[in-house]
Each structure stands twice: as structure tokens, then as C-alpha cells.
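> Got a predicted structure here, sequence first:
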Amino acid sequence: SQIFQTAMSELSERAAGILFLQVLNLPLLLTSFKSKPGLGYAGAALMFTLAFMTASKAHARVEESSKIQAAKRTQVSTSLGNRMVRISKGLLDFYGAFSFSPSSLLLNWFGSFFLAFCSSIWLTTGYYGQ
């Protein structure tokens, strides 16, 4: 009934988040699956963590006006944990781009470019907390 519908809604929201974030993990998975598969696994784990953090409902009451005012002033809209996961993913993508780039093949150049691009997205959103 109502509890079941709420649980299913939360589950589908998490599933959509996991799918979306794993699509953003594709550049790392595709470029590292042969030479450094651990990078892909670590990226997938970070994306699962981020999806879980993003789709979780807040259980605490927001009554502290000082925190609300600070969030408005700094425009940071995510938790410190969320920011750390994003920065970790950015550093992982950056390492993947750096380790994938020595080859001169055109495909490798595109792979390094997309990894560097994804790295910049995760590092920027992690730094700014958005």
C-alpha cells in the first residue's frame, strides 16, 4: 500500500541514479578494462556510493538557520561526504587519463580526452559542492 509505494519509488529512484552514474563511468571502464581493471571497479564503487547518497532521503530536521544561511551564502548544496566522493572520482578519472595517454593511437587520444573531461566535471562539482 502506501509504504510499499514509497519503498518502490525510492528503489526506482536509486536504480535510475545508479544507471545514470554508471553511464558517466563508461569512459573510465572502457579505457582501463584491459590494463588497469581496478580503476574501473573503483569508479563503479564510487558511482554506486554517489547514487546511494543522492537518492537517500534526508531524515534529519533542518531547523538550524545558521547552516541554511551559510549554504545560501556559499551556494554549497551537497554534503561533505558527497563532495569527497565527487573529488575522489575526479582524481580517479585524472589518473586514468594520465595512465592511458602515453600511446599515440587516435582512439587512445579520445579516451584520454574524455577521461580528462569527466575528471574536470567531477573535480569542479566536488569543489563547488553542486
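Now that the structure is in, tell me what you want to look at.

> Run through this structure and note the low-pLDDT ranges.
By pLDDT under 70, the low-scoring segments of the chain are 1, 4-8, 10-11, 55-77, 101-107, 130.

> try it again with 80
Within the chain, the ranges that satisfy pLDDT under 80 run 1-22, 31, 54-80, 98-112, 127-130.

> Tabulate the CA atom coordinates of stretch 89-99 in PDB.
Extracted in PDB, the C-alpha atoms of stretch 89-99 (Å, rounded to 0.1, in the frame of the first residue of the first chain):
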ATOM      1  CA  LYS A  89      36.000  10.200  -8.800                       C
ATOM      2  CA  GLY A  90      37.700  13.200 -10.400                       C
ATOM      3  CA  LEU A  91      41.100  12.100  -9.200                       C
ATOM      4  CA  LEU A  92      40.500   8.600 -10.300                       C
ATOM      5  CA  ASP A  93      39.500   9.700 -13.800                       C
ATOM      6  CA  PHE A  94      42.500  12.000 -13.900                       C
ATOM      7  CA  TYR A  95      44.800   9.100 -13.000                       C
ATOM      8  CA  GLY A  96      43.100   7.000 -15.700                       C
ATOM      9  CA  ALA A  97      43.600   9.700 -18.300                       C
ATOM     10  CA  PHE A  98      47.200  10.100 -17.300                       C
ATOM     11  CA  SER A  99      48.000   6.400 -17.400                       C
END
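
> what residues does that stretch touch?
Contacts to stretch 89-99, defined as Cβ atoms under 8 Å, 6 or more residues apart in numbering, come from residues 27-28, 31-32, 35-36, 39, 42-43, 46-47, 50, 111-113, 115-116, 118-124, 126. In short, each C-beta sits where N, CA and C put it, glycine included.
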